[in-house]
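Novice: The amino acid sequence is not available; the structure is as follows:
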DNA sequence: CAAAGTCAAGAGCACTGCTCTCGATTCTTG
DNA sequence: CAAGAATCGAGAGCAGTGCTCTTGACTTTG
């Protein structure tokens, strides 16, 4: 989540690097990230070795430090990329179903995120698993991490606006939580009442709980058809999202 | 989860080791685990160093290998201990509230688990975060991991028996999932219908999603009063657990 | 064209997990 | 009770790691 600052306008994209040196530098930076990403994808973040990356690129280990000041910085770059990858997937799923009902859009969004997670389990673990040992998320990661959540929040706001999502007033919202919800509403969720934000956030964290349980093996020997199980669970979560039945 | 095998009866507890050598061995094994656990608690699993543990114990690093064949084995021992610690906490919470209603028991259970997680974040990450790099959960961890889930499943079975939990038939249970549910029912959840197991598992994974989001910083700058937020969310989850309102 | 900035390379430090060998101690067994 | 077997701590050593510093060659800039 960490939906705090609105996405800052890129200051100077500089898509066309001027000097030749800058061009090869950008290229090499990308190559290092690509190799590192592949290593992480294959063996996990803990096995990421600057020396191994350098070896594969045919350079000496100390040369890497010209491009990334430390292993953690390289890891941070990968984390940001992972956030953007999952956000892109989520946005694409939303774009394809934006004319459907909230339940269908929610299911598509959940399945898109799970699909990305299953295809890139180590990168998923990088951003939604335990924080990397000795690693504290720097400021640079909070903006990219907000993009995914924004997709969901917009879906919720949309559902409220269209009258598809109804508040569930069964649980009181404490004062302190209410003020957090006010801030959230003003920033990204206009028109979404507290009693929708509560269930929505529960469903949202539940999605990642379900994916993490599946990916990290906590459903091993319990659930075998993970696809069917996940879909059924997310359909149910969708019902929790849209709120109590309107039986009148 | 991994509720597969019923807890095996301890073959030979051997609580009173015979020889003096065996006694000091058991003692030293415990000391190594204690120091290692403290290191993990302070710096995370990635920073666990056999040499540092050995140093603190005044022995040489190679001596550790007389007690744990590898770093991963030491980590496995810590993982098992962590599972048992959280299970103990969960069982204690259940024992204290077993005469209350399902909603109250659920809330107490959720808060107990979250309390343990907040007190031992690195150990929580060890078992519910991403699997440790280069580490595959050995068979030894699945039995201890089942204990926590069993507390919850028994609570659910109890609620069904007492008529407090009602099935939510809004989402169809696929055939393959049904057969998993049948197995689960026969093993640990007698009398719990599919349409209760589904919501129950959703709530259960949601609990860990909520705790992970809080602990791993995904709610940073979004939620500030984590205690109040968690309680409200878990109360809502409790409503999802007990099933649809019975308004007739 | 020369000064300033940037680069890859190499050596080196402190650390890691792990293996092997070597005596010394302890347990088991005849 | 003593001999043989098992276990133990210590030490050296190997291959790997992140990271720093220096050196010499290169590119960009003024």
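Specialist: Yep, that arrived. For clarity, every value in this text was computed on a predicted model and none was experimentally measured. Residues are numbered from 1 along each chain as shown, chains lettered A, B, ... in the order given.

Novice: Okay, helices next: where are they in chain A?
Specialist: Remark: helices assigned in chain A by DSSP state H are A:20-43, A:50-56, A:61-64, A:71-97, A:102-119, A:121-128, A:142-161, A:175-187, A:194-215, A:226-242.

Novice: Could you give the number of residues near residue A:154?
Specialist: When counting by other Cβ atoms under 10 Å in any protein chain shown, one arrives at 15 neighbours for residue A:154. The way it works is simple: take the backbone N, C-alpha and C, and place the C-beta from them, glycine included.

Novice: That one: what's it in contact with?
Specialist: A:94, A:188 (Cβ atoms under 8 Å, 6 or more residues apart in numbering or on different chains).

Novice: Check the gap between it and residue A:99 for me.
Specialist: As defined by Cβ to Cβ, to the nearest Å, residue A:154 lies at a distance of 14 Å from residue A:99.

Novice: before we move on, back to that, to residue B:223, which of the helices of chain A lies closest?
Specialist: helix A:175-187 (5.3 Å; Cβ to Cβ).

Novice: Indicate the residue of chain A located nearest to DNA strand C.
Specialist: Residue nearest to DNA strand C within chain A: residue A:62 (2.9 Å; Cβ to the nearest atom of the strand).

Novice: Report pLDDT for that residue.
Specialist: Looking at residue A:62, its pLDDT stands at 97.

Novice: same deal with residue A:205?
Specialist: 98.

Novice: same check, this time on residue A:23
Specialist: Among the per-residue scores, residue A:23 holds a pLDDT of 90.

Novice: Repeat that for residue A:1.
Specialist: 57.

Novice: Same question for residue A:135.
Specialist: pLDDT, residue A:135: 57.

Novice: Distance of the residue nearest to residue A:93 when sequence neighbours are not counted relative to residue A:148?
Specialist: Nearest residue to residue A:93, sequence neighbours excluded (Cβ to Cβ, 6 or more residues apart in numbering or on different chains): residue A:112, at 3.5 Å. Distance from residue A:112 to residue A:148, counting by Cβ to Cβ: 10 Å.

Novice: Common neighbours of these two, please.
Specialist: In contact with both residue A:112 and residue A:148: residue A:90, using Cβ under 8 Å, 6+ apart.

Novice: more neighbours, these two?
Specialist: Using other Cβ under 10 Å as the criterion, residue A:112 and residue A:148 rank with residue A:148 on top: 26 against 21.

Novice: before we move on, back to that, and the helices of chain A: which comes nearest residue B:128?
Specialist: Ranking the helices of chain A by proximity to residue B:128 (Cβ to Cβ) places helix A:194-215 first, at 7.5 Å.

Novice: what residues does chain A put near DNA strand C?
Specialist: Within chain A, the positions adjacent to DNA strand C are A:21, A:25, A:28, A:58, A:59, A:60, A:61, A:62, A:63, A:66, A:67 by Cβ under 7 Å from any atom of the strand.

Novice: rewinding a little: the residue nearest to residue A:93 contacts residue A:87, doesn't it?
Specialist: No: the criterion here is Cβ atoms under 8 Å, and residue A:112 misses it with residue A:87 at 10.6 Å.

Novice: Now do the same for residue A:130: its pLDDT.
Specialist: So residue A:130 comes in at 88 (pLDDT).

Novice: try residue A:142
Specialist: For residue A:142, the model assigns a pLDDT of 86.

Novice: give me the number of residues near residue A:163?
Specialist: Per other Cβ under 10 Å, the neighbour tally for residue A:163 reads 8.

Novice: To clarify, my last question referred to residue A:118.
Specialist: 15.

Novice: Tell me the predicted confidence for it.
Specialist: Looking at residue A:118, its pLDDT reads 98.

Novice: mind checking pLDDT for the nearest residue to it once chain neighbours are set aside?
Specialist: Nearest in space to residue A:118, with sequence neighbours left out and distances taken as Cβ to Cβ, 6+ apart, is residue A:215 at 7.1 Å. We have a pLDDT of 95 for residue A:215.

Novice: contacting residues around residue A:215?
Specialist: Contacts of residue A:215 (Cβ under 8 Å, 6+ apart): A:117, A:118, A:121, A:124, A:125.

Novice: dump the residue contacts of residue A:214.
Specialist: Residues in contact with residue A:214 (Cβ under 8 Å, 6+ apart) are A:114, A:118, A:223, A:226, A:230.

Novice: Do I have it right that the third one meets residue B:176?
Specialist: Looking back up the chat, that one is residue A:223. No: using Cβ under 8 Å, residue A:223 is not in contact with residue B:176, being 9.1 Å away.

Novice: Which of the two has more residues huddled nearby?
Specialist: Using other Cβ under 10 Å, the more surrounded residue of residue A:223 and residue B:176 is residue A:223, with 21 against 16.

Novice: Return the backbone torsion pair for that one.
Specialist: phi -110, psi 140 (degrees, to the nearest 10).

Novice: count of residues packed around the nearest residue to it once chain neighbours are set aside?
Specialist: Of all residues not flanking residue A:223 in the chain, residue A:229 sits nearest, at 4.7 Å (Cβ to Cβ, 6+ apart). Neighbour count of residue A:229, defined by other Cβ under 10 Å: 23.

Novice: who's in contact with residue A:229?
Specialist: If you count contacts by Cβ under 8 Å, 6+ apart, then residue A:229 has A:219, A:223, B:174, B:176, B:177, B:180 around it.

Novice: So which of those is the closest to residue A:107?
Specialist: residue B:174 (14.1 Å).

Novice: quick one: the residue lying closest to that closest one once chain neighbours are set aside and DNA strand D, what's the gap?
Specialist: Closest residue to residue B:174 apart from its sequence neighbours, by Cβ to Cβ, 6+ apart: residue A:228 at 4.0 Å. With distances taken as Cβ to the nearest atom of the strand, to the nearest Å, residue A:228 is found 40 Å from DNA strand D.

Novice: Next: residue A:145.
Specialist: Counting by Cβ to the nearest atom of the strand, the gap from residue A:145 to DNA strand D is 23 Å.

Novice: per-residue confidence at that residue?
Specialist: 93.
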